[in-house]
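[1] 3D, please:
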Amino acid sequence: MRKYRLMVVDDNNRDRRVARDMIPFGELGLEAAGEATDGLEALELAGSARPDIVLSDIRMPVMDGIEMARELSARQPGAKIVFMSSYDEFAFAKSAIDMSVCAYILKPLNPAEVAAALRKAVELCEGERRRAAEAEALAAQLEQSLPLLREEFFKEILPAGGSLSEGEMRSRMSFLRIPDADFRHVAALSMSVRAPGHGGGPAGSAAAGAVAAGPAGAGSADASSDAGAMAPAARQIRDSYLSSLSIVNLLLSLARGFTAQVIRNAEREYAILLFFREPDPSACADMALEFVMEAYERLLDRLGVSAVFGISAVAARATDIPLLRRQSEQAVNTRFYSNGNPVILYSEIGRSAGSGQMGRTSQASQAGAPGTAAGRAAGAGASGRAAQAGAGPAGAARRPAAAGAACEAPPDGLGGFGEAALGDPGGLGDPDGLDDSEEAFCLPDLQREIDEHVFMGDADSIDAFVGKYMDGGARARSETYLKCLSYSIVHVLQLMLIQKGLSFRDVIDSEAAIWAKLSAFETILDLRQWLKNIILAVKGHIEDCGGGRRAEVVAAIKDAVAAHYMEPLNVSDIARCAYLGPKQANAIFRKAVGSTIFDYLMSYRMEMAKRLLKGSGDKVAVVAEKVGYANKSHFSLMFRRYAGMTPYEYRSRPVM
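    Next comes the predicted model:
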């Protein structure tokens with residue numbers, strides 16, 4: 001227990017000496033802090049002696065004990081006051097209770113009463129000291145936990161934002177002492193580490209070594225010693241954490257002119273939030289891109305870590321952070337198209353359903369966007385063409401009620417299936433009589449899946465596709481539902497053949513026979529096997545006839561790239577020219593040409609850039625803009641990856 005300082009105040013020398021002699025200093029853990037003869041002298045002495053406890057008389061000249069206690073409580077709130085006075089002053093001294101005086105003892109003094117009163121004061125001091133120490137320890141613990149609390153906060157709001165308002169989110173950020181909590185704009189990045197060594201291999205070990213060594217190799221001997229004593233599994237876990245820490249530290253060191261927050265979502269997945277005070281959102285977007293370019297190069301050069309980045313749009317509200325996060329995830333997940341491109345902008349992949357209203361899209365994608373006048377016109381034209389090409393029996397313009405329920409608008413130009421493309425499958429019962437509780441199927445989605453399986457599938461994938469729609473799972477399908485579904489699939493196959501100039505009768509029975517078979521099937525197993533066989537037959541017939549549709553798709557994609565490479569083009573824009581979705585168009589193109597649409601577009605742009613660099617005096621920034629890159633740094637990184645040198649080096653190299 002620490003010692004507490006005690007001051008004695010009394011104008012009577014004898015009473016002051018008696019009081020001092022009665023105090024059990026050693027037993028109570030007290031030490032003398034001086035003596036005073038009146039309240040004013042006590043206040044002057046307290047300024048330097050800083051007593052914890054004051055044993056004071058009440059009736060004194062110059063300044064009495066009551067006034068001194070009031071003044072001392074204001075100057076030194078923690079000091080404890082014990083009054084001693086004659087019996088006839090008791091009523092006067094009762095006012096001291098209002099000043100939190102801890103004890104009152106009567107003269108003449110009794111040693112036991114003095115000891116009891118001072119023990120009470122010591123206990124109060126000790127309790128306050130203990131509470132202050134606990135509060136200090138908690139504050140220190142909170143300070144140490146701030147990085148974890150910040151990460152937990154962002155992990156909480158990134159998926160959906162929770163129920164926090166804009167003001168509440170910014171207040172929470174300010175409490176957590178997140179720099180730039182009063183930001184003007186924010187952007188989200190998703191980073192996926194793809195180095196084979198990350199988390200324990202060569203690259204992971206190198207990164208772990210960088211952290212373990214510290215500045216100038218400090219602590220490397222201890223780290224090596226610890227690592228040598230670890231079991232292989234434990235060492236791998238340790239290296240994974242150290243590697244992650246080195247990546248986070250490197251990323252944070254690159255944030256200049258703005259603040260970065262890095263959140264590790266999984267072993268190789270990171271979310272990065274950039275907070276800007278810059279009022280111009282375009283300038284913020286450029287800073288985000290520059291940050292990513294530098295991060296990509298530094299991670300590779302310093303740590304041997306290769307990464308892919310997805311970059312969101314820029315927003316001004318904290319409540320937009322979850323949406324920005326989804327945009328960046330959507331961008332990084334399209335690395336399937338890029339085949340190695342390390343930086344993917346959300347604005348370059350187009351806007352997907354449910355991704356929000358903040359992504360920037362090119363004029364080409366807006367021209368036929370679902371819901372716009374152009375999009376509705378394109379859809380209506382496609383539906384009309386489908387109806388004229390080969391509508392179902394009787395040409396009735398009706399369809400099963402469930403066929404389009406709760407369906408998102410299809411991508412522009414996808415197929416030709418509007419309401420007029422479906423006829424009444426006579427003999428199957430009233431399609432409007434479907435049970436409303438049954439799960440709806442979406443015709444445009446159905447067409448996309450059939451297209452994929454006819455062009456890219458095999459017997460197993462086709463069987464899985466049919467089973468997906470035929471198997472009831474927790475809810476059995478009705479006979480009417482299954483036959484309406486089968487009719488829709490057959491009709492899609494029929495139109496697919498007509499678009500290629502092929503006859504349905506060359507594959508299976510006449511159209512009338514198909515409807516008769518559909519009505520006659522009595523078991524789901526028979527219907528499922530028959531439907532699988534029809535899809536396989538159509539697939540084989542198209543392949544035997546030379547795959548004309550594939551050649552058309554490839555030609556349409558190449559023409560679109562040649563005509564629009566200088567524009568802010570994305571995969572969705574290009575696929576739309578072939579009346580396909582981006583995933584399907586990319587698969588067909590890659591199978592035929594050997595590269596993805598994204599890589600073909602980049603190669604085409606780079607070859608055109610080479611011509612401009614050698615054949616014109618344009619600055620590199622102008623060349624970048626002419627081949628479709630709004631940002632010179634982005635263009636320079638792509639050119640170096642493609643040509644093995646910078647645009648400046650290529651321009652200065654002699655023509656061979």
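[2] which residue packs closest to Met608, ignoring adjacent ones?
    Distances taken as C-beta to C-beta, 6 or more residues apart in numbering place Val627 nearest to Met608, at 5.1 Å, with adjacent residues excluded. (Glycine included, C-beta is placed from N, CA and C.)
[3] pLDDT score for that neighbour?
    If you check Val627, the pLDDT there is 91.
[4] cool, and the one 4 residues further on?
    What the model reports for Asn631 is a pLDDT of 87.
[5] how far away is it from Thr646?
    Distance, Asn631 to Thr646, using C-beta to C-beta, to the nearest Å: 15 Å.
[6] and what of His185?
    30 Å.
[7] okay, these two: which has more neighbours?
    Applying other C-beta atoms under 10 Å to His185 and Thr646 shows that His185 carries more neighbours, namely 24 against 14.
[8] Confirm Glu603 sits in a helix?
    Rather than Glu, residue 603 is Ser. Yes - looking at Ser603 with DSSP: H, G, I helix; E, B strand; the rest coil, it is inside a helix.
[9] Any idea how many residues pack against the residue nearest to Met608?
    21.
[10] Strands of the protein, start to end?
    4-9, 30-36, 53-57, 80-85, 103-106, 185-193, 259-266, 269-276, 307-315, 343-345 (DSSP state E).
[11] For the shortest one, give the mean pLDDT please.
    Confidence for strand 343-345, expressed as mean pLDDT, is 88.
[12] before we move on, the earlier item: packed most tightly, which of the strands of the chain would that be?
    Burial of those is given as mean neighbour count (mean count of other C-beta atoms under 10 Å); strand 53-57 ranks first at a mean of 27.
[13] what's in contact with that strand?
    Strand 53-57 has contacts (C-beta atoms under 8 Å, 6 or more residues apart in numbering) with 4-12, 15, 19, 23, 30, 39, 42, 46, 65, 68-69, 72, 79-85, 114, 118, 121-122, 125.
[14] Roughly how far does Arg119 sit from Lys610?
    Computed as C-beta to C-beta, the Arg119 to Lys610 distance reads 91 Å.
[15] Can you get me a residue count around Ala464?
    Ala464 has 12 nearby residues by other C-beta under 10 Å.
[16] Equivalent analysis for Val492, please.
    Number of residues near Val492 (other C-beta under 10 Å) recorded here: 24.
[17] Hmm, Leu446 and it touching each other?
    Yes - counting by C-beta atoms under 8 Å, Val492 touches Leu446, with 6.7 Å between them.
[18] chain center to the longest helix seen in the chain: distance?
    Ranked by residue count and defined by DSSP state H, the top helix of the chain is helix 111-160. Offset of helix 111-160 from its chain centre (C-alpha atoms, centre = their mean, to the nearest Å): 35 Å.
[19] mean confidence for it?
    In this model, helix 111-160 has a mean pLDDT of 84.
[20] got the angle for it vs strand 4-9?
    130 degrees (axes from the mean of the first three to the mean of the last three C-alpha atoms, to 10 degrees).
[21] Tell me how far Ser282 lies from Val314.
    For Ser282, the distance to Val314 (C-beta to C-beta) stands at 8 Å.
[22] So for this structure, the centremost residue is which one?
    Arg325 (3.9 Å; C-alpha atoms, centre = their mean).
[23] got the contact list for the nearest residue to Met293 once chain neighbours are set aside?
    Nearest residue to Met293 in three dimensions, chain neighbours excluded: Ser633, at 5.2 Å (C-beta to C-beta, 6+ apart). For Ser633, the contact set (C-beta under 8 Å, 6+ apart) comprises 289-290, 293.
[24] from those residues, which ones fall inside helices?
    Members of those lying in helices (criterion: DSSP H): 289-290, 293.
[25] got TSV for those residues, with distance to Gln330 too?
    Listed next are the ones in helices among the contacts of Ser633 as TSV, based on distance: C-beta to C-beta, whole Å:
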residue	distance to Gln330
Leu289	17
Glu290	22
Met293	20
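[26] From these, pick the one nearest Val193.
    Distance to Val193, by C-beta to C-beta, is smallest for Met293 among the ones in helices among the contacts of Ser633, at 16.7 Å.
[27] isn't Pro51 right next to Glu35, touching?
    No - counting by C-beta under 8 Å, Pro51 does not reach Glu35; the two are 10.7 Å apart.
[28] Could you tell me which residues touch both of the two?
    By C-beta under 8 Å, 6+ apart, the residues touching both Pro51 and Glu35 are Met7.
[29] Look up how far Thr480 lies from Leu149.
    Relative to Thr480, Leu149 is positioned 57 Å away (C-beta to C-beta).
[30] do Arg184 as well
    According to C-beta to C-beta, Arg184 and Thr480 sit 58 Å apart.
[31] likewise Arg50?
    In terms of C-beta to C-beta, Arg50 sits 91 Å off from Thr480.
[32] Neighbour count for the two, which is higher?
    Between Arg50 and Thr480, Thr480 has the larger neighbour count (other C-beta under 10 Å), namely 18 against 13.
[33] Which pLDDT value goes with that one?
    For Thr480, pLDDT reads 73.
[34] And Ala382, by the same measure?
    Looking at Ala382, its pLDDT reads 34.
[35] repeat for Met456
    Taking Met456 on its own, its pLDDT is 74.
[36] One more: Ala229?
    As predicted, Ala229 sits at a pLDDT of 59.
[37] Next: the one 10 residues further on.
    Per-residue confidence (pLDDT) for Asp239: 78.
[38] try Gly433
    40.
[39] next one: Ile557
    Looking at Ile557, its pLDDT stands at 92.
[40] shouldn't it be in contact with Cys577?
    Yes - Ile557 is in contact with Cys577 according to C-beta under 8 Å; the separation is 6.9 Å.
[41] If you count surrounding residues, which of the two has more?
    The residue with more neighbours, out of Ile557 and Cys577, is Ile557; 25 against 19, by other C-beta under 10 Å.
[42] Next up, the contacts around the more buried one.
    574-575, 577-578, 585, 589, 597, 600.
[43] If we use 6 Å, what do you get?
    By C-beta atoms under 6 Å, 6 or more residues apart in numbering, the residues touching Ile557 are 574, 578, 589.
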